[in-house]
Structures are given as C-alpha cells and as structure tokens.
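Participant: Just need the structure, nothing else, for what follows:
(chains A, B, C and D)
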There are 4 protein chains.
Amino acid sequence: MSHLFLDKPEEACGLFGVYGAGEETHAAALIYMGLYALQHRGQESAGIVVSDGEKMAAHRDMGLVSQVFDNEILNSLQGRIGIGHVRYSPAGATYKGNTQPLFGRCSRGYLAMAHNGNLVNADELRRELLEKGSIFQTTTDTEIIMNLLAGFSNESLVDAVIRTVEKLEGAFSLVVVSGDTLIGVRDPHGMRPLCLGKLNDTYLLSSESCAFTSLGAKFIRDLHPGEVVVINKDGVMARELKPAAKKALCVFEYIYFARPDSVIDGLSVHEIRKQLGRQLAREFTGEADVVVPVPDTGIAMALGFAEASGIPYDVGLYKNTYVGRTFIQPSREMRDLGVRIKLNPVEKVIRDRRVVIIDDTIVRGTTSANIIHLLREAGAREVHLCISAPPITHPCYYGIDTSVRKELIAASHTVDEIRRQIGVDTLTYLSVEGLKKALDTTADLHCFGCFGKGYPIPSAPEKKGEG
Amino acid sequence: MSHLFLDKPEEACGLFGVYGAGEETHAAALIYMGLYALQHRGQESAGIVVSDGEKMAAHRDMGLVSQVFDNEILNSLQGRIGIGHVRYSPAGATYKGNTQPLFGRCSRGYLAMAHNGNLVNADELRRELLEKGSIFQTTTDTEIIMNLLAGFSNESLVDAVIRTVEKLEGAFSLVVVSGDTLIGVRDPHGMRPLCLGKLNDTYLLSSESCAFTSLGAKFIRDLHPGEVVVINKDGVMARELKPAAKKALCVFEYIYFARPDSVIDGLSVHEIRKQLGRQLAREFTGEADVVVPVPDTGIAMALGFAEASGIPYDVGLYKNTYVGRTFIQPSREMRDLGVRIKLNPVEKVIRDRRVVIIDDTIVRGTTSANIIHLLREAGAREVHLCISAPPITHPCYYGIDTSVRKELIAASHTVDEIRRQIGVDTLTYLSVEGLKKALDTTADLHCFGCFGKGYPIPSAPEKKGEG
Amino acid sequence: MSHLFLDKPEEACGLFGVYGAGEETHAAALIYMGLYALQHRGQESAGIVVSDGEKMAAHRDMGLVSQVFDNEILNSLQGRIGIGHVRYSPAGATYKGNTQPLFGRCSRGYLAMAHNGNLVNADELRRELLEKGSIFQTTTDTEIIMNLLAGFSNESLVDAVIRTVEKLEGAFSLVVVSGDTLIGVRDPHGMRPLCLGKLNDTYLLSSESCAFTSLGAKFIRDLHPGEVVVINKDGVMARELKPAAKKALCVFEYIYFARPDSVIDGLSVHEIRKQLGRQLAREFTGEADVVVPVPDTGIAMALGFAEASGIPYDVGLYKNTYVGRTFIQPSREMRDLGVRIKLNPVEKVIRDRRVVIIDDTIVRGTTSANIIHLLREAGAREVHLCISAPPITHPCYYGIDTSVRKELIAASHTVDEIRRQIGVDTLTYLSVEGLKKALDTTADLHCFGCFGKGYPIPSAPEKKGEG
Amino acid sequence: MSHLFLDKPEEACGLFGVYGAGEETHAAALIYMGLYALQHRGQESAGIVVSDGEKMAAHRDMGLVSQVFDNEILNSLQGRIGIGHVRYSPAGATYKGNTQPLFGRCSRGYLAMAHNGNLVNADELRRELLEKGSIFQTTTDTEIIMNLLAGFSNESLVDAVIRTVEKLEGAFSLVVVSGDTLIGVRDPHGMRPLCLGKLNDTYLLSSESCAFTSLGAKFIRDLHPGEVVVINKDGVMARELKPAAKKALCVFEYIYFARPDSVIDGLSVHEIRKQLGRQLAREFTGEADVVVPVPDTGIAMALGFAEASGIPYDVGLYKNTYVGRTFIQPSREMRDLGVRIKLNPVEKVIRDRRVVIIDDTIVRGTTSANIIHLLREAGAREVHLCISAPPITHPCYYGIDTSVRKELIAASHTVDEIRRQIGVDTLTYLSVEGLKKALDTTADLHCFGCFGKGYPIPSAPEKKGEG
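Facilitator: Sure thing, here's the model as predicted:
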C-alpha cells in the first residue's frame, strides 16, 4: 500500500447523528448516507451505533463506508436514534479497537459517543481516571470523555455532559446518545464544525452541511462555539457552555478539509477557496499563460486566481480517481513512478506554456517536486507554484496530524530554499494578511496557530492523539 | 446456519497462557497451538493477547481458531507472555465485542484477562461498579473482574488479584497478564479445570492437559481449587485463597466437555468414560446384539459398556466431520433432513440387530429421537438407548448453558415419558449412585447440582451469563 | 447495488500488452499499472495473462483492478510477455466466465487473447465453428476469434492471425500472445483505438496513450486501421490487412470514453472536448450567467463553451468520488435520492443565476432530469442544458451498449419533447455539422452511425455482444 | 498450510447428478447435500452446474463445499437437472480453471460434464483434437472428453456419448447433462464407482451410496462396468458398452477412499474393512495387550482385528477434527510438532502396554514413524504396526496420485528396512492372498495393479492427470 499524498495535512474525522421522532425511522440508513457524504473527512474506519431508546446495536470496522457496511448489516442496525463516525488516524495508530463511535453501559444505561478533534489535556485526564480505577480499552480521547461522563452519575444527563465538557481543553465536536436523547457539543473555540439539520420530522447532526444536501435534508444552523444541543421527544434544546475568549475555527477546514459544497459558519467553502485564489493572484508578481489546479482542492482556488489575474484556467493535470488507498506499487521496475500513478499532465495544455500551478499547502515538499517534474516533462516552459495558504511553520495540537515539527518543510527552510528544493521557477505563498483579507472580516474568528500566529489555548503540550 | 446438536449441554470456554523466560519465545504461536487443542471447548470466537512485558498486541474475532488467525496475524503478535481464549456463547448473545481475552490499561499499566465459568453474583458486582462510575463495553463477567481489579490500585498485583477474586461467587478459572507477570486462578470449588505445564523454559497454563501433549510440553499439575499461581522471572509462586467448604469440579467435564486424552484432577477422561459405560452396562437389564456409540463422546462409554456386558462393540453411526457450523440447509425440499446430514447408520451393523445405543446426555430429546428414527430405518430390530449420566433435572448456574429449566426434558417428564417421546424400546439413565461408583471415591469432589443433588454455592439466583 | 449513471453510453473495454526483451521484465506489474490507467474503460472485471515464452499464468476476476490484484497475485504471474483487459459488460451478461483475456492451448502451444469491440458476424461465425465440433465455454467474441485462429494450424502464426482477422466483420482491437510473440490488431475501420509504446527495451500496446504517460513510457504511434503489429525478439514488424473503404473511429472515444489526457489518432481528447464546447457555444442562442459542467466529461467542454461564449465557468456540481459501484441504497426512507448521492450543487454558484449546464449525451433522460431538479432546488433562475453531441437516434452495433433502440430517448422524441421531459428552459444539442467542424478536417474519418449518418459496415444485424 | 497426511494415497473425486421430473425440483440443493456426503473424496474444489432443460447456471471454486456455496449462490442456481463435483488434485496442479464440472455450448446446445478417474490415452486424444483445431482452456481429461463428444455432432446424444466413450482408455466415471437429459457412464473395467438412486420422483447419480442415505433417498443399484445410463422425461434407459475383458474396481475404494457407510458393488465398505482386519489378525504372529486404530480408516480394521485376535480394542489415538487443510504451523519454535497437532495418544490406554496399531497403508513412511514415536513417548512397551493392505510397489495410472514411483517406500525397500525406518517392533502387511480372502470370491473383480499384480489395461504409459 502506498500513501500517494502524504504530503498533505491529513484529514479530520466526520460525525453524523440522527434523532427520529417516529418509530419507523431507520437511523442506520440515514447515518450510512451521511457518512458517505463525509467520507472525505476520514477513510480509515467507519462505524454506526443505533438505539431504539433502550437497547443499542453497533457495527464498526476498518475501511471505507462502502466496505464496512452492506444491506444485511444496515438491516441488523434497527433503531431510530444513532450516531456515526468516519476516522482518519495517524500512521502507526491504526488499531482496530479505536474505531468509533464507542459505546457501553454506565449507571445511566447505554451510552454512545463519537469525537472529532484532539484534547490538549488528555494525558492529565486519563491519569486522574486511572487513579480512580478506570480501565481504558482504547487509546481514544472519546473513552476519556465517556469515563468522565460516567463519573457524574448523580447529575441529569445534560448537566453531566456540561460538567464533563467543562473539564476538556482542546478541539472537540461530540455526538452522544444516551437513552432517548441525542446530544451535540461544539468546543468553546468552535475549532471543529458541527451543524444541525432536519429531514421531515427527523433531526440530524453533521460535521458538514454537504451531508444534509445529499440526503435532501434542510440545514438549520451551525452550532455555536460552546453550544450543547439536546434533542429528544420534546424537540431541540440548546445550552451554552461558558464562552471562550476567542472563536477559533481551524482555517484548514476552508483550505483543505471540507467539501466545497459545504457552508461552515456562514461561509461557502467553494467561495472562500475562490477568494483565496483571487487574493493569491494579487500577490503573484509573475507572468504566465495558463492557470492549472492540483486537483481536487486547488480547483476553486485556480478559478479565483484566473478570474483575478486574467490568465486563463485550464485542466492541465488529470487525476485518476480509481487509485485509492489499496493501490499497490509492484516492487520491481516500478520504483519511481510516484505521483505519476495518480496525476498525469494534459500535454496539450502544458507544452510550451508558462504555467501557474495552484495547490493548497506544502507539508514535506516531495509531492510538489514530483508534480513540477511531470509538468516540465510535458513541456512546460516555466512553472510557477502558488500556494493558497501561508507557510505552515508550527505544529497543530488540535487534531491535525502535522504535529511533528521536523516534517514541516517551512519550519526549517526559507521560501527560497523550498523553491529550489521543489525545482520551480517561482514560489508564492499566500500571506497571512492575504489570508485574512480572503476571509474578510471574519479572520479573527479562526485559528492561525500553525502559521505561528499564536494558539487559542495557552498551554499546548507536546502531545499527539486521535479523533 | 443450523445447530445440529443443540440437544447437548453447550460447551464451556478454553483458556491458555504462556510465560516465556527467553526473549525469543513467540507466545502467540504457542497459544495458537494450544487453542487448537482446546477448540472443542468453544467454537464461536477465539482471541490472543500477547505482551513483551510492556506493550500488548491483540487479535480476536468470531470463528474457529483456523479462521481467526493466519501467519501474518501471528507474526504481528510479538511478545513472550500471553493468553488465549476460545469461547462458546449462548444463542442470541453472539456479540462480537464479547470476544476474549479482554485487555486495557489500568493504573498499573496494561492488563489482559480471560475467563472460563460463570459468576453467580455478577449482577450485584456490576451494579456496584456502575454506581462508582465504571463503564462496561461488553457483557462479559471478565470485564467486571477487570474493573474490580483496577479498583485495588494501591495493592500489589498479587494482592489485588486475591482481593478481587475473594469478591467473586460462582465458577471461574482465570488467566491474567499484567506487566511481566502471568497469573492463573481456579475458584475455591475448582468447578472449572486449569493446569500448569512447561515446555523447555516456558511455563504454560491450560484448561486441559491435552494442549500440553499436542505441544510436546510437560504436564506439571492441576491447580488446586482456590489456588492462585503467579509466574514471573522469579519462577512459579503459589498462593491459596480461603478454601471452599466443598470441592466441586463440574462432572460434565468428564462426561462431555473435555477431550478424552486429557487428565483432569488426576483422572483420565477416557478412562472415566469407559467406567461410566461399564457401570451403565451393569444397570442395563436388557439383551442386545451390538453396542453402538453416538460419536464422539459416546465412543469410550460404549467401549466400557461392551467390555462389561460382553455385547460386541461396533461403529453403527458414521459422523460426517465436514459438516460444521457453517452448514446451510437449503430451504426447499430439504426440510426434515435433520440429524441425517451429520450422522448416517452403517446398515450392515444395524440391520436385524438388537442395538444398544450409547449417548452422554439428553437435553431436549429431539436429536435422540432423530437418531433412533435413523436406526429403525436402517433395519434395527430393537433399539435400547443408554445414557451415561443421570437425568438433568436442574439448571446449571456456573457456566453451562442449560439454564433454562423448561428446556430440560427430564425436569418435566418421567423416564418413561421420555422413552415414549424418543420412540425407543428401553431407556436407561445411569443412576446417581452409579455415577458415583464410576468416579470411585472421588465422587464427593464433584458438582452434581444439575442432577438435583444440591449446588455447592448456597445462593444461585436465576441468572445467565457467559464465559 | 445501484447504477447511478445508467443514463450514459456504457464504456468500452481496455487492452494492454507487454513484450519484454529482458528476462527480468515483470510483465504483470506493467500490465497492472497499465490497466489502472485504463480502468475508466471498464470496471466490471479485470484480467492478466503472462507468458515466459513457454508457459502461461493467469488471474482474472470480477471487480476493479485494485480489487482483483494484490502483491501476492502479481508475484505469482511471472513472465516477460503478457496481456491485460478491463471489461464493461451489459447488465445481465455479467458472467464471471467471460472475464478476459481468454487463454488456452492450441496446436501451436499456449495462446492468449483479449478483445475490445463487437463483431457484427459473430453469430454466423459461431454457428460455423459449432458445426465443426467446437465447444464454447464463454459467450465472448474473443472465444470465436481464438477458435478461428486455432483452425489455421498449418499457417505461420502471423498468417493465421491475418487469415482469421479477415473473416471478422465489425469493430475490434485485439492483443494476442502466442509463444514468444505479442501481436496487436486494429480492425480495417479503426473503430476502436490501439497504440504502440516503449519503456526502455520493453514494447507496450495500449488502448489509450494515457497508460504510457502513467508508466513514464514513450508513445510511439497509433496502429493504423487494418494494421497487424507483430512484436518478438526481432523487434516490431507491421503487416497491413486489406484497407477498408472508410476509416471510422467511434466518435464517442473523444466525446465520452477516453481519458482527456489521451491522444488518439493524433488528436488530444481534452482539446477535442474543448472544441466541442466552443462549437456548442456558437450554436447556443440563449443568455446566461455561469457555465457549469456535469463532471467529469463535461469539464473540458464547459471550459471551451465558457471561452467561446464569454460566460464564466464555475464548479456548480460537486461529485462524490467515493460513491462507486458498490454503493447500496438502503431501502427504507431512501427511495428517491437518485443522483443526489453522487452529485451535489454548490449553492453559492447556482442561486439566482441563469445556468448553462454542459453534458456529453442524453441516453434515457432520467439522470438529466434529476440534475436539473437539483439545480432548481439550489435556486437556479434558469437552466439551459447544452449537449456536446448530436442526438443519438440509432443503435450502435460495434460494442457500445446503446443497442436497444427503444431506450434512446432521441430516437422517439423531438428535441422539444425531451426538453419538456427533462424540465429544462432550453435544450441545445450540438449539430452534426458542428461536430464535424469541431473535429476539423478529420470528420470523415469517424463513425457517425448512431447519429443516423450511416454505418461504416453495410450489414449490421440486430445483435448484441460483448467486448 | 501444511499437509498433515501426505503419507496417504490421495483421494479420488466425487460425482453427483440429479434429474428432477417436476419443475419445482431444486437440483442445486440436492447436489449440495450430495457433495457434502462425498466431501471425503476431494477437498480441493467443488462445483455445481444446473440446467432448466435449456439454460445452464454454474458455480465452482476452490475450497470445501461449505466454503464454496452459500444460500444466495444456491438460490441463483435454478434448474431441475444438474451435476456436481468435488475434486482432489495433485500438488502443483491446483489451477482454479480446472474446477469441475466443465460446461459449454456445442452444436447440440449446452453441455456439462464431470469426471472421476484418469485416462491412460489422454495425451494421444488431446494431440488428435489439437490437430483438428481444438483449443483447451483447462488441463482436465474432462475437456478432452467434451471435445470428442462435440465432434459427433451428427449422432444422437446417446450414440455420441457411446462413440466418445469407446475412444477412452483408463478409469472413468462420468456424469453428463445435455438438454433435458442426464447421463451416467462407468468405464468397462468399472474402476471407479457410480450408482443410481431415487428420491420421490427425482433420479440421482452418485459416486457412493452414502450420499443417498444422507438425503433420505433410495439406493437403486450400482452401474455395471461399461454401462451408460440415460435419464430423461421417459425415465431411465440403460445401454452397455462392449464389456471389458476384466472387471477391475480399484481395491483402495474399500481400503481407503470410500465412506464406511457406503456399499459399493454389493459390498459394505465397513464390513470389508473389518474383514481386512480379521484376516490381518490371522497373519499377525505376535502378542499384544491392546489393538489401536489410526483414525479414521483404521477403526473398522482394528475392530475386525480385535475380534479375530481376541486382543481388546481401544481408542489409543485421539484425532483433533478441527485441524484441517488451513492449519498453519507457525514457523518459530514449532518446527517438529508434525503429526502431534492432529493425533494425540490416550496415555491411559498406551502406557506399559504392548500395542498393535492398525493403519491402511504406508506411502512414504514418515507419518507412520511419527505416530510410532508418539506411542513410545506415551509409554508403549512394544509397538506392532499392522497394515491392512499389501505393500504398494507399483504406481497407479488410473487416478490415484501415487504415480511417482520413487516416493513409494515399498517399491525400493524390503519390509524389514521399512520396519527399521519407522522404528516399530514388528511390521505386518496384509498378504495379497489375505486381501483376496478378505474380498472373498470377488477378488478377481478388483484392480491389484499397485501391488504388482498386473494392470487391467495393457498399455499404461508414464502419465499423470487429474479427475
């Protein structure tokens, strides 16, 4: 197996929740559809837990949603309430027991939970719980949160959730099922997205609005940072945690993670990407004949760049969508095919042209170098690489797997060193100011930590978890 | 899928443990071989957890040992200490999350445990733990025991195990790994077997001695009832729990569960079965031409019966060993094949003969009736059914799935009613006194609870668990 | 399983061949990579046959290349010569025994063959062979061709191939391995593509040039219509069949089947698609605010349309690439999701706009209607559907599965009837003249049969086969 | 994977056929059940082909019947006529394409065939067919027979079968389906068994009668050597080929291949085995305390031996039936477990005893040596090995895979050399005369070729095939 695009910040997780008012609601079917629409947020494992208000049924496994579930399994998951999860996890931590949602029995009865994000104080919380006699059967943050919740056995469910969540530091969106109740939580900084929707009488929670569209459901609203939404037979009730000092949605949700047809915190992902491209065009000082995106995230950025620069947009790189995670690179003769297996230049577009190539990020630089090589081989006269984000110079502690600082090329190299290493004629990163302009007035509502502009949570220890 | 022999007391679980002194010990390979030899004790799931003294690795799944493990998996399970488990579980409770051994992290570090038996006070213990904030991710007794153990975080490992085990009521054999230590426990009544062996420098624990033979290892001794054996770099140390008032090994270990080549608590299973057959012959008052066993447990009993009665032994029923749990009975035309798929009469042996047929038990009676029908169809002149155990009139609370009293034909019918229902010329059950004689002087060391002769543990509530 | 895009002319097959001069050539690895690049030509089954010059080894199965092969299988396929095949087959004919390449032993030794196309005289040829005593173990045209070839047992291999091929009527590209020889054949009309390439000393044959690019190999040239290319240790030798009266490459290779980065018979597929879009823009008489492609084939067409019309291009429909052939549509609640599962509108691009939507064809019309519905739901003010091909009014007899005339909406409805049925404001088909203009001077080198402009082969009986 | 009992003549194949008079007959279900009962004749692959009188449907794969078929597959195989096959094939020839039954279309329509045996003139027949232009897609004798049959396209089906079969030399039983007809053929020597049965109105063909018993069907009769049975809507019609000079059923059908509950050519397999044991006892000159069989074939022989010798029978070796073909022997530490994994001594039976151990054959001797070692380890005072067949000194050309003469220990060693190599106190082979006595007056109806007593077919070239 070969990771073709390791040179990217890896994906976050995806959450989906269903509360069906009517007995006939087949929550598992809706969650299955929802997870399909959220598959881009995590391809390593998938899971669904459903409840009929009393008993729970679950299925979780490694693989894509299409591999983990079939009709027989979905039919065995009967219940009108449920949650689902798709997960990416850092290499080496691909332990099957970590598939989410987690579920179990506490004093309150059955409890299921799924988590997107990363706790900064996970080690500390786990240590406290171990000392009290807890056993941890996984290495997920989710299990910590469930144990905390089980400890508040004398509180009402909602109060217990709130008291639990108040102990957490870091990035987290949560979906929880207990008894006849579905709960959604977004951390006080709102670092990871979570939104509320409705399909007929059935309430839905989703990491992204695109899952509602693909179900034909209505988007109601994003959860506020620090909001706890409680859904039961009485409808939807909202509770607010103490608000955080600073809103801080991860800006990479717009740049890389989210689907372009999603709208997060009021902003269209596709439009923001076009804005990034327009701003990048303003900062690009060279001349060129054609603007070409690195698919798929680069497409909207390249459209914006072309619009603002007047340089025509074209499809200069074809992406073979059949090459997935299971691609094997036969060992003999095939050594250095690299990115060529997944991306091929359209020579007619490239030959004898001065090409602007638009990508979202550079992590280690090797993929970029390979792409530039392909373009030169296809006859490009000049290649100008434009990155629609500032250099990533600092690690992320909130759930994105770029935490090992030494792998960040921009943390240890100047832009010109990177340019030479990649072998490109010019290299333009979007400036932090340009990024703020692209986000318009909302810029101070986002986390810019990995660009060296300060972390929203003061103490961010050297840790690395999952979610 | 079709359970062909539901008409039997279902199997117990099998345990195996390895403590390798040398770094090169591949515990998983030894456990794999051990579980193969214990496969008869449980065919529903199999699992192995190994430790290198610090980290643990695990693999567990539904299915036979041969289906759950392959070379790649075994090679991924590196470590010189480990435990394994094969499980039978009552119909309806075949939840994948219940596969054992369980493992997790407690304040002491990694902990793994597997259990054979059934706790009588499981519900009570679970309730107490839930109130203290525990979460249960499975429905096993094992998870209860692990949570109790984690609670004694200030004690030494051995003391914590002893204090934990003192809270348990019921039948249990346990194998436990924590840090660099392998522990074996047998309950104070010794209701389930557990024995100690050695292969070169490597110590082994096993539910039955047959697993040692198949590894070419030496049998050292059975654990005493109430014994805790602690194995670490200093060798083997034994601790005794408070002894129970009464030794009470489940007598069905000899009659049905164990492999004939095992020796349990000093008695050869094969020889005890022959003794049962001899005694049964003495109690049989009819005349016959041939003695035929119902394979496989009936074989040794029929040999003993033939020896004592002088009636010749022969193979009158052929068992198709290819018919396993995955046999599907195509729905059309195939309705009533029943036992015929797995057992076929050898007509030459049966026709025009007066046949004594030897079986170990009758639970619901339907299988027996089918076998008698086959024999008559094959031309038997008379059929005399001899059962090498007394009628099962009372439920078992200690791990054998005959707990639903209403399914026990002998609990609600006289022997003559059963005889007529099965359609046999005569029906002879071994008497309780005969059973005692067959066991010789050791009879009061066994549990006769299901024959209505009193339970070793006073309070046996109506419960049903797993193990 | 749910075919989401049945409303398309279904794919042709893909062929790949390897002749390695050196013993160390791992032909199977190269074919595997080649088939990956040709996966778009057939997703139902995949197969590889290799030869070491004497013995053959093969693996074929239903599924994608990534599902059919793994490292162990590729390593078992040792040999320096070989051929591969990916197949689409009409619904109902998905018989596993039809997976190609076929291979067997004839009087000349081992023989392997794969075929892309459809014979018009297959029934007649099969009948003749049956009368001579042949047995057919598949329903493929390939087996007919192999049986014909085996019949010329006294000719040299090349003469036998030529005499065989001269009996065939219809569309066919072939790759053949016999002994130490790899042969490629393209039918006299050149209806299906086939081209020659080279990687170091290894000769390659491929349905499309994109497979060479993804291997880093050199494109040498397309085979001429009616050319037989023979590759062995003496190098490449070409033989010409009698030329056909008319060249007739299937025009849908450019419109739909081929990858945009391929170059077929000298023309860039991407550029031809842009040309189609430019010409379509000239024929479109309406006004609009944005041009939106139906992905993926519509993209280049929409770019050309935008360029020629001055209406801006944007990504108005997002395609979920994780939704593949194995998508299951849970039965309850999920009835009418239809195209929504795979395509979602980007509302920001669509709302309050007059949208031109560009697609390649309309076969049955239902998918188009669903897409239009999505766009209206997302707030489109007007929707103008532009199709970059003329109406398909006549069946195809040469390998494209639109042969059932009654399913062709344009065969039985006027453009205005279709427009109303689809529910679009205007519907513009590219004119046949426009198509010719887009193809420039090369137009009379293509088959326009399905547009009612005459078939290149006079007698095209009502038949339907595979390839 | 580890072949634990390679030291045996490997199994023949199993055939089953169904002709249902009524439309509702689900032939595939009956064949499935029949193949289950014939599984002992071949565990490598299984296949079913059914016909509704016009169309055919098929499923074939590597593996046991339980692994190859499930309910969904059986339901997809609709038709009231059909044949099935289980296959053993020599190591190295495990090519998936060789799974039977074969089927295809000839001039007469669909044709399916399965074969048990081995043709002596296969190479010659294949060469003739290749010269006429045939292609062979498998390496089975079956495909040769089908091609011959297809060549007689002007004859009636029955005449074509007879003319085909008259060209065959060697051992063969065949089941054939063409149109509305099921045909069974047994070669003129009757070397392989085939019998006719009936279940209500449905006619059945089977390699062994045990399959009828397990279906609750009636055994009608064995086919005569050289008989062709034709079953269609008019009932059963028999045709006789020219009779062979000598009847020659393979004697190993009784000794090893067949199930003990089968009756072949009028003789009970179980009873013949007991006879072999009785005769062996008469030829054994030693003294002993207990007679122990090597399971499973040795059981009946040991019973006969005990009866005739007066030495008591007991179960001294336990066979772990869970150890199948998929057993993996982990590489480290496990080197020399050998037979121990599958067979374990029952020490109580063995210790301090003089043991007679009964087995059916010795091929290479290594398994026997391992068993003797186990018995000595378990404390046997003396071990006397008695083989219930004469030494195999000559290869078999008719379908049993002992054809490589150098592997036959008895072909190159004296009995005393073998005795020493195996490490046994005495070694007694049944004499050829004893074997004849055990078979009573029927001895000259069997093939004794591998004992050096002449082959029934004069010219037996050095060949090796399958079936």
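
Participant: which one in chain A is furthest away from the centre?
Facilitator: Relative to the centre of chain A, and counting by CA atoms, centre = their mean, the farthest-placed residue is A:D352 at 37.9 Å.

Participant: where does that one land in three-state SS?
Facilitator: Following DSSP: H, G, I helix; E, B strand; the rest coil, we place A:D352 in the coil state.

Participant: contacting residues for it?
Facilitator: The neighbourhood of A:D352, defined by CB atoms under 8 Å, 6 or more residues apart in numbering or on different chains, consists of A:379, A:381. C-betas here are computed from N, CA, C, even on glycine.

Participant: Repeat that for the one 5 residues further on.
Facilitator: A:I357 makes contact with A:292-294, A:298, A:316-317, A:371-372, A:375, A:383-386, according to CB under 8 Å, 6+ apart.

Participant: Who are the contact partners of the residue of the stretch 151-300 of chain A found nearest chain B?
Facilitator: Using CB to the nearest CB, the single residue of the stretch 151-300 of chain A nearest to chain B is A:G151, 4.1 Å away. A:G151 makes contact with A:129, A:132, B:133 under the criterion CB under 8 Å, 6+ apart.

Participant: how about a cut-off of 10 Å?
Facilitator: When contacts are counted by CB atoms under 10 Å, 6 or more residues apart in numbering or on different chains, A:G151 touches A:106-107, A:128-129, A:132, A:134, A:160, A:163-164, A:167, B:132-135.

Participant: what about the stretch 1-150 of chain A, any weak spots by pLDDT?
Facilitator: A:1-11, A:89-95 (pLDDT under 70).

Participant: try 80
Facilitator: When residues are selected by pLDDT under 80, those of the stretch 1-150 of chain A lie in A:1-12, A:88-97.

Participant: Strands along that one, start to end?
Facilitator: Taking DSSP state E, counting those that start in this stretch, the strands of the stretch 1-150 of chain A run over residues A:14-19, A:45-51, A:56-62, A:81-87, A:102-106, A:109-119.

Participant: How about the stretch 251-400 of chain A?
Facilitator: Ranges of strands in the stretch 251-400 of chain A, per DSSP E, counting those that start in this stretch, are A:263-264, A:267-268, A:290-293, A:317-319, A:343-345, A:354-359, A:382-387.

Participant: For the last one, which helices and strands make contact with it?
Facilitator: In other words, strand A:382-387. Where contact means 3 or more CB pairs under 10 Å, 6 or more residues apart in numbering or on different chains; DSSP states H and E, strand A:382-387 is packed against helix A:269-283, strand A:290-293, helix A:298-309, strand A:354-359, helix A:366-377, helix A:415-422, strand A:426-429.

Participant: Pipe those into JSON lines and attach mean pLDDT and distance to D:D234 per row.
Facilitator: Compiled in JSON lines, the helices and strands packed on strand A:382-387 are given as follows (pLDDT from 0 to 100; distance: least, CB to CB, whole Å):
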{"stretch": "helix A:269-283", "mean pLDDT": "98", "distance to D:D234": "74"}
{"stretch": "strand A:290-293", "mean pLDDT": "98", "distance to D:D234": "74"}
{"stretch": "helix A:298-309", "mean pLDDT": "98", "distance to D:D234": "71"}
{"stretch": "strand A:354-359", "mean pLDDT": "98", "distance to D:D234": "77"}
{"stretch": "helix A:366-377", "mean pLDDT": "93", "distance to D:D234": "72"}
{"stretch": "helix A:415-422", "mean pLDDT": "96", "distance to D:D234": "82"}
{"stretch": "strand A:426-429", "mean pLDDT": "98", "distance to D:D234": "86"}
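
Participant: closest one to C:S66 among those?
Facilitator: helix A:366-377 (20.6 Å; CB to CB).

Participant: what distance separates the closest one from the middle of the whole chain?
Facilitator: Its chain's C-alpha centre and that of helix A:366-377 lie 26 Å apart, by CA atoms, centre = their mean, to the nearest Å.

Participant: Thanks a lot, catch you later.
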